[in-house]
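A.B. asks: Dropping the sequence and predicted coords here.
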Amino acid sequence: MQDLTPQEIEALFTRADGSYLFARWGRPLAPVVFGVEEASLPVIKGAFEAVAALAGLETVEMDPELGANLMVFFCRDWAELPEVPNLEKLVPDLVPLVARLQAAEANQYRVFRFDKRGAICAAFVFLRMDDQLGAVAADTLALSQAVQTVLLWSDRAFGDRSPLGQLEDGRVVLRPEIGALIRAAYDPVMPAAAQDKSHALRLAARVMPRD
């Protein structure tokens, strides 16, 4: 495993404006998936359950406050989103958001909601299945989205290197150092949210092997 340096960990949670912002889930995940064939549901939900288990997070059928708190939407065109019943109640400014995604020709977007402690309490994942995403295997795409949703990463994280890697037999798996970082982030003694860069040093101390 290639260890992450404290600087690399800090960069994964440092946003484009230079601010450090970290958050993890503060409740069990209650995922639901829209816009895919029923045969694909076990693959997608399985990926989210596997990453949740890595973090020590429970997955449940229903969140007592929100029902489903992790919603994954697959679409062919961003214009489909405003047509989803009641979605505008869950995602404020949905129409302007769709316009920005169309202008940027984006193929994925994630929206997070937070509780009073700053922990993640809900997430909405939007995937526009263009040629690029359509060429990605369902299990690989699901694993990638699960990893990018289990923590509030920087808006620049994984821009130059995927959190996933490929084994010699062709299987795609989570890079071990990213898995170790996720486990460290969910250490019970660590805070659910942080805005101080010293938090990255505490993560590094839990990721690096001890003699």
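C.D. replies: Now that the structure is in, tell me what you want to look at. Keep in mind that what you see is a predicted model, and the values were worked out from it rather than measured.

A.B. asks: what number of residues lie near Gly165?
C.D. replies: Residues contacting Gly165 under the criterion other CB atoms under 10 Å number 15. Just so you know, the C-beta spots here come from the backbone N, C-alpha and C atoms, and that holds for glycine as well.

A.B. asks: excluding its backbone neighbours, what's nearest it?
C.D. replies: Distances taken as CB to CB, 6 or more residues apart in numbering place Arg175 nearest to Gly165, at 4.6 Å, with adjacent residues excluded.

A.B. asks: Grab the most central residue of the protein for me.
C.D. replies: What sits nearest the mean C-alpha location of the chain, by CA atoms, centre = their mean, is Thr149, with 1.3 Å.

A.B. asks: That one reaches Val111, doesn't it?
C.D. replies: No: applying CB atoms under 8 Å as the test, Thr149 and Val111 come out as separate, 10.3 Å apart.

A.B. asks: Show me the common contact partners of these two, please.
C.D. replies: Ala123 (CB atoms under 8 Å, 6 or more residues apart in numbering).

A.B. asks: how close does the residue nearest to the centre of the chain sit to Pro31?
C.D. replies: According to CB to CB, to the nearest Å, Thr149 and Pro31 sit 9 Å apart.

A.B. asks: likewise Gly56?
C.D. replies: Gly56 is 16 Å from Pro31, by CB to CB.

A.B. asks: So which of those two has more stuff around it?
C.D. replies: Pro31 (24 against 11).

A.B. asks: List the contacts of that one.
C.D. replies: Lys45, Phe48, Glu49, Thr59, Ala68, Leu70, Met71, Val72.

A.B. asks: Doesn't the last one belong to a strand?
C.D. replies: It refers to Val72. Yes: judged by DSSP: H, G, I helix; E, B strand; the rest coil, Val72 forms part of a strand.

A.B. asks: That one contacts Gln145, doesn't it?
C.D. replies: Yes: if you go by CB under 8 Å, Val72 and Gln145 touch, sitting 6.8 Å apart.

A.B. asks: what do these two both touch?
C.D. replies: Val125, Leu127.

A.B. asks: Looking at those two, which one has more neighbours?
C.D. replies: Val72 (24 against 20).

A.B. asks: Tabulate the CA atom coordinates of the longest helix that the chain contains in CSV.
C.D. replies: As assigned by DSSP state H, the longest helix anywhere in the chain is helix 41-55. Extracted in CSV, the C-alpha atoms of helix 41-55 (Å, rounded to 0.1, in the frame of the first residue of the first chain):
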residue,chain,number,x,y,z
LEU,A,41,-30.1,-2.3,-8.2
PRO,A,42,-28.2,-5.1,-6.2
VAL,A,43,-24.9,-4.1,-7.9
ILE,A,44,-25.3,-0.4,-7.0
LYS,A,45,-26.7,-0.9,-3.5
GLY,A,46,-24.0,-3.5,-2.9
ALA,A,47,-21.3,-1.0,-3.6
PHE,A,48,-22.7,1.5,-1.2
GLU,A,49,-23.1,-1.2,1.5
ALA,A,50,-19.6,-2.4,1.0
VAL,A,51,-18.1,1.1,1.4
ALA,A,52,-20.4,1.8,4.4
ALA,A,53,-19.2,-1.4,6.0
LEU,A,54,-15.6,-0.3,5.5
ALA,A,55,-16.4,2.9,7.4
